[in-house]
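Enquirer: with the sequence up front, the predicted model follows.
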Protein chains: 2
Amino acid sequence: MRADARRNYDRLLAEAGEAFARHGIDASLEEIAKAAGVGIGTLYRHFPARQDLIVAVLRDSIDALLAEGERLREEEPGEALRVWLHAQIAHMATTRGLCAELIIGLKDPASPLYGTCHLITASGDALLRQAQDAGVARPDLTIQDLVKSLNGIAWVAERFPDDPGQADRLLSLLLDGVRVRPALHEV
Amino acid sequence: MRADARRNYDRLLAEAGEAFARHGIDASLEEIAKAAGVGIGTLYRHFPARQDLIVAVLRDSIDALLAEGERLREEEPGEALRVWLHAQIAHMATTRGLCAELIIGLKDPASPLYGTCHLITASGDALLRQAQDAGVARPDLTIQDLVKSLNGIAWVAERFPDDPGQADRLLSLLLDGVRVRPALHEV
DNA sequence: AAATATACGGAGGACGCCTCCGGTTATCAA
DNA sequence: TTGATAACCGGAGGCGTCCTCCGTATATTT
């Protein structure tokens, strides 16, 4: 990689991080290029799709999340799952529109986010299974549905930025359910 | 209202219904105007904001939903709530992007959907309270959080059109919770 | 039939995405 | 040091969408 290319790549990454944080993940790519002092063509050469830019920006925080998932396997299963869920929600709350992008990455093998999303899912799957084996989580629940519910919660919370407790309340509801007495074999 | 205006209004409504059903609620307004054989200016005069068009298109189905809510007050509380939740989900699944629009209408008093959304919420509130009084729904749950969860589920399901059971599974999960034994006073 | 209130249409400015290619520059070999 | 060349850069331009504005046309009324 040529030195000038590297320089531009780094600048773009920095400005993209800034822009995503400020304007959400749909920030204007032309703005990002301009802020990086680079033509729009250069941005597209380095990051052919918006998702490529996203994965690059998020790499560090996602690595941290995966490490946390690893660590939690040593904890008490029920609590480990709860903490993991909170961590996921908190991460998605980091950037407006992120949950929408992640849910696309979850189902579209062509998305640059596909691999990452499935690593996260696998990380959660281990914790869910532990909880199920310990008898503290419904045995018929799949990690796919759990992750989707999580995305849904993050999506909702994103729309109520004035209510900081929103995501936690919805997550608690998901954990405990609407019904007072759960009826496992009713549905 | 002048006769030609009325004619154009009706045509726009019909074409909008068609377009929303086919392309989702973000369908191009210029396309709708063209399909109705009308200038874009005419569309904007009749429906200054996209939401005005949406409420007009949805009026009938929402009236039906409200009537159903009314009817359900006569049923057994727990079952009534469950049916109502399913009906809401089914309605949102009608049009791609609808749940996103509704959740905006829920919080923004300036939105043309505000009134409608709160009528629906009120309708659900009656059923939730009945269920709570009957001891079959968590007493600390608010209708606001319940409706938001519903929107989240609809949003997720919208992204998995190939999985028709998606919404129902997530709704069941919401009803019964992740945990096997709910811990009411734990959170 | 004339007057008037009402409604129509689409040009045009703004913005965002993405492609394409003529011009520039870093790098390496001689 | 000096070409040669492969790699890289920039932004104009085509496209689609939103929304506004105002000169023109037409329904309605007197």
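Expert: Good, I have the coordinates. Residues are numbered from 1 along each chain as shown, chains lettered A, B, ... in the order given.

Enquirer: return the residues in contact with the residue in chain A positioned nearest to chain B.
Expert: Nearest residue of chain A to chain B (CB to the nearest CB) works out as A:Gly177 at 2.5 Å. The way it works is simple: take the backbone N, C-alpha and C, and place the C-beta from them, glycine included. Counting by CB atoms under 8 Å, 6 or more residues apart in numbering or on different chains, A:Gly177 makes contact with B:Arg138, B:Leu173, B:Leu174, B:Leu175, B:Asp176, B:Gly177, B:Val178, B:Arg179, B:Pro182.

Enquirer: where does it fall, phi/psi-wise?
Expert: The phi and psi values for A:Gly177, taken as degrees, to the nearest 10, are phi 90, psi 160.

Enquirer: quick one: the residue nearest in space to the middle of chain A and B:Leu106, what's the gap?
Expert: For chain A, the residue whose C-alpha lies nearest the mean C-alpha position (CA atoms, centre = their mean) is A:Met92; its distance is 4.7 Å. Distance check for A:Met92 against B:Leu106: by CB to CB, to the nearest Å, it reads 20 Å.

Enquirer: do A:Ile54 as well
Expert: 28 Å.

Enquirer: kindly report the same for A:Asp52.
Expert: When CB to CB is the yardstick, A:Asp52 and B:Leu106 sit 35 Å from each other.

Enquirer: more crowded one of those two?
Expert: B:Leu106 (21 against 15; other CB atoms under 10 Å in any protein chain shown).

Enquirer: and the strands in chain A?
Expert: Secondary structure of chain A (DSSP state E): no strands present.

Enquirer: show me where chain A has its helices.
Expert: Per DSSP state H, chain A has helices spanning A:3-23, A:29-35, A:40-46, A:50-72, A:77-92, A:98-107, A:114-133, A:143-158, A:166-176. These are given in chain order.

Enquirer: just name the most buried of the ones you listed.
Expert: When these are scored by mean count of other CB atoms under 10 Å in any protein chain shown, the highest mean neighbour count falls to helix A:143-158 (a mean of 23).

Enquirer: any part of that helix near chain B?
Expert: Yes - judged by CB under 8 Å from any CB of the partner chain, helix A:143-158 comes into contact with chain B through A:Asp145, A:Leu146, A:Lys148, A:Ser149, A:Asn151, A:Gly152, A:Ile153, A:Trp155, A:Val156.

Enquirer: mind listing what the closest residue to A:His91 other than its chain neighbours touches?
Expert: Leaving aside its sequence neighbours, A:His91 sits nearest to A:Leu65 (CB to CB, 6 or more residues apart in numbering or on different chains; 5.8 Å). Taking CB under 8 Å, 6+ apart as the criterion, A:Leu65 is in contact with A:Ala87, A:Gln88, A:His91, A:Ile120, A:Ser123.

Enquirer: with A:Gly24 instead?
Expert: With contacts taken as CB under 8 Å, 6+ apart, A:Gly24 has the following neighbours: A:Thr95, A:Arg96, A:Gly97.

Enquirer: any chance of a markdown table for these, columns pLDDT and neighbour count?
Expert: What follows is the contacts of A:Gly24, written out as a markdown table (pLDDT from 0 to 100; neighbours: other CB atoms under 10 Å in any protein chain shown):
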| residue | pLDDT | neighbour count |
| --- | --- | --- |
| A:Thr95 | 98 | 22 |
| A:Arg96 | 98 | 19 |
| A:Gly97 | 98 | 17 |
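
Enquirer: okay if I get those residues as JSON lines plus distance to A:Asn8?
Expert: What follows is the contacts of A:Gly24, written out as JSON lines (distance: CB to CB, whole Å):
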{"residue": "A:Thr95", "distance to A:Asn8": "23"}
{"residue": "A:Arg96", "distance to A:Asn8": "26"}
{"residue": "A:Gly97", "distance to A:Asn8": "25"}
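
Enquirer: so which of these is the closest to DNA strand C?
Expert: For DNA strand C, the nearest member of these is A:Gly97. The distance, counting by CB to the nearest atom of the strand, is 11.5 Å.

Enquirer: correct me if wrong: A:Gln51 contacts A:Gly105.
Expert: Yes - shown here, A:Gln51 and A:Gly105 form a contact pair, counting by CB atoms under 8 Å, at 7.1 Å.

Enquirer: list residues touching both of the two?
Expert: Between them, A:Gln51 and A:Gly105 have A:Ser111, A:Pro112, A:Leu113 as joint contacts when contacts are counted by CB under 8 Å, 6+ apart.
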